[in-house]
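**Q** For reference, the sequence and a predicted model appear below.
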Amino acid sequence: MTFEVLGHLVLLQAKSALADFAAADRHAASADELGEKYGLPLVGVFTRWYRAMRTAMTGSGGAAAYRAAAVGLAGTAMSGVDNGILALALFCDRLQRGLPPQALEESYGAYESWCRPVLPIPDSPRDLLFEARTCLHAVVAIELGDRAAMERLYTELLPAEGEIAGAGSGMLTLRPVAHYLGELATALGLPEAAEHCRKARAIAVKAGSPHWG
């Protein structure tokens with residue numbers, strides 16, 4: 001039964017990355033049903049984070065939803081998830097609402113290098129938050145006018161153009177990857193900038209996040 005639950009959670013993540021939230025919602029509901037039926041409390045930890053992410057995508061209420069979801073991490077012994085994830089989610093929530101990044105007083109844990117960068121920013125681990133970290137790195141590279149970094153980050157993000165940065169984790173969101181590709185392409189003077197922006201707007205509509213437009 002745990003394999004069936006895991007399957008639903010993996011599909012929730014995959015569908016979230018592609019802004020297919022009708023399907024992701026169904027997988028979240030199925031996972032919750034199985035978790036309740038078989039006494040698997042950790043399932044609810046992940047689905048609450050997913051629903052917090054969905055709340056954030058509406059453009060308001062994300063911070064409160066993330067803080068409420070983070071309460072469920074206490075005592076789960078999932079240090080790989082808990083180590084700075086709330087601070088990262090709150091940081092990303094500001095960016096996805098079009099607000100300037102604002103460092104928090106609390107620790108970013110494993111995400112410190114991307115949220116409160118000390119140059120050079122290290123390469124991101126190739127995990128479910130790879131695109132989110134790389135987009136954060138892109139913001140810094142653009143601000144600094146670091147052309148070499150911008151060219152490298154553009155190449156790294158291009159395969160994920162159709163995805164929402166961070167949403168593949170099922171826990172947080174950072175606008176469409178195409179938005180950051182558009183920003184990088186503009187800074188680099190690439191003709192693809194307009195097409196990236198068009199794709200970012202289309203993904204925003206699909207996700208039900210008009211403030212991304």
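**A** Nice, I can see it. Numbering: from 1, shown residues only.
**Q** what about the chain, any weak spots by pLDDT?
**A** 75-80, 82, 103, 105 (pLDDT under 70).
**Q** now do 90
**A** Within the chain, the segments meeting pLDDT under 90 span 1-2, 72-83, 98-107, 118, 213.
**Q** just checking, what's the longest helix in it?
**A** Using DSSP state H to define each element, the chain has its longest helix at helix 21-38.
**Q** Got phi/psi on the one residue sitting closest to the centre of the chain?
**A** Central residue of the chain (Cα atoms, centre = their mean): G166, 2.0 Å from the mean position. When quoted as degrees, to the nearest 10, the phi and psi of G166 stand at phi 90, psi -30.
**Q** which residues sit in contact with it?
**A** Contact analysis of G166 by Cβ atoms under 8 Å, 6 or more residues apart in numbering lists 92, 129, 131-132, 135, 172-174. In short, each C-beta sits where N, CA and C put it, glycine included.
**Q** Find the nearest non-adjacent residue to it, please.
**A** A132 (3.5 Å; Cβ to Cβ, 6 or more residues apart in numbering).
**Q** Now do the same for A19: helix, strand or coil?
**A** Assigned with DSSP: H, G, I helix; E, B strand; the rest coil, A19 falls in the coil class.
**Q** which residues does the closest residue to E163 other than its chain neighbours contact?
**A** Distances taken as Cβ to Cβ, 6+ apart place A17 nearest to E163, at 4.5 Å, with adjacent residues excluded. Going by Cβ under 8 Å, 6+ apart, A17 touches 163-164, 167-168.
**Q** unless I'm mixing things up, the residue nearest to G166 is touching I164, no?
**A** No - the pair A132 and I164 fails to qualify as a contact (Cβ atoms under 8 Å) at a distance of 9.4 Å.
**Q** tell me, what's touching those two both at once?
**A** L174.
**Q** Is T173 within a helix or a strand, and which one?
**A** Using DSSP states H and E, T173 is not contained in any helix or strand.
**Q** Report how many residues lie close to it.
**A** Using other Cβ atoms under 10 Å, T173 has 27 neighbouring residues.
**Q** Distance check, it against P101.
**A** 15 Å (Cβ to Cβ, to the nearest Å).
**Q** How about the backbone phi and psi for I164?
**A** phi -100, psi 120.
**Q** That one contacts A207, correct?
**A** Yes - I164 lies in contact with A207 (Cβ under 8 Å); the separation is 6.4 Å.
**Q** more crowded one of those two?
**A** Ranked by neighbour count (other Cβ under 10 Å), I164 and A207 place I164 first, with 31 against 22.
**Q** OK, contacts around the closest residue to L188 other than its chain neighbours?
**A** Distances taken as Cβ to Cβ, 6+ apart place M150 nearest to L188, at 5.6 Å, with adjacent residues excluded. Counting by Cβ under 8 Å, 6+ apart, M150 makes contact with 138, 141-142, 184, 187-188.
**Q** Provide a PyMOL selection command restricted to the buried entries of those.
**A** Selection of buried members from the contacts of M150 for PyMOL, criterion 16 or more other Cβ atoms under 10 Å:
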select buried, resi 138+141+142+184+187
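**Q** List the ones among the contacts of M150 that fall in helices.
**A** Here DSSP H is the test, and these give 138, 141-142, 184, 187-188 as lying in helices.
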